[in-house]
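J.: Here is the input, now give the coordinates:
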Amino acid sequence: MKILLLTAFLASSLSARSGEPEIGTIVGDVDLPPKKSAITVSYDYDGKRRLVLTLQNISMNAAARGVIGSVVVNRGKILIQPNEHYASRGPVESIRWYTIQYVIPNVQPGHYSLVHDDSATEGTDRVVKTELDLTIAGKGTKTITFKDPDPSEDPFAGPPK
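T.: Residues are numbered from 1 along each chain as shown. Below you'll find the model as predicted:
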């Protein structure tokens, strides 16, 4: 409990120094790459407006202390583009695999395409795409195989025709 409180305090104080708001919270990390080449997406929707997403196996610089970037919810699409937030010492020459939690307010009930594009972070660049049925309150978990980003691909584009 003390570690979680300290982590939350440090994350909030670091974001205040950078001028960019935290968009997610690091809730876990490991030194070794996952055995399974996939990202796990867990979601919890209250059926009204609050969505909690947890993504496991996101590779970032080992010195990351928080997650900044952008979250856009628009016309049935949720686009998350995270980036590392560092302490004053900056990045180091190693990678860790993180579990990141995002709390997204004001998500109306409906069907959504989720795109998590971590190509701005250090580590393996991956774009995760999945569909979320948020028409009613519910929880779920999906495992998505890594997909390397195609620079010509628009993250808001729908499935290939």
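J.: Let me see the contact set for Ser91.
T.: Not Ser; residue 91 is Pro. Asn61, Ala63, Glu84, Glu122 (C-beta atoms under 8 Å, 6 or more residues apart in numbering). Bear in mind the C-beta positions are built from the backbone N, C-alpha and C, glycine included.
J.: go with 7 Å
T.: Residues near Pro91 by C-beta atoms under 7 Å, 6 or more residues apart in numbering: Asn61, Ala63, Glu122.
J.: quick one, helices of this structure?
T.: For the chain, the helices defined by DSSP state H cover 2-18.
J.: those strands in it, which residues are they?
T.: 25-30, 38-45, 51-61, 64-74, 77-86, 95-104, 110-117, 127-134, 138-145 (DSSP state E).
J.: how about the third one: buried residues?
T.: Judged by neighbour count (16 or more other C-beta atoms under 10 Å), strand 51-61 contains these buried residues: Leu51, Leu53, Thr54, Leu55, Gln56, Asn57, Ile58, Ser59, Met60, Asn61.
J.: And the shortest one, by the same measure?
T.: Going by neighbour count (16+ other C-beta under 10 Å), the buried part of strand 25-30 is Thr25, Ile26.
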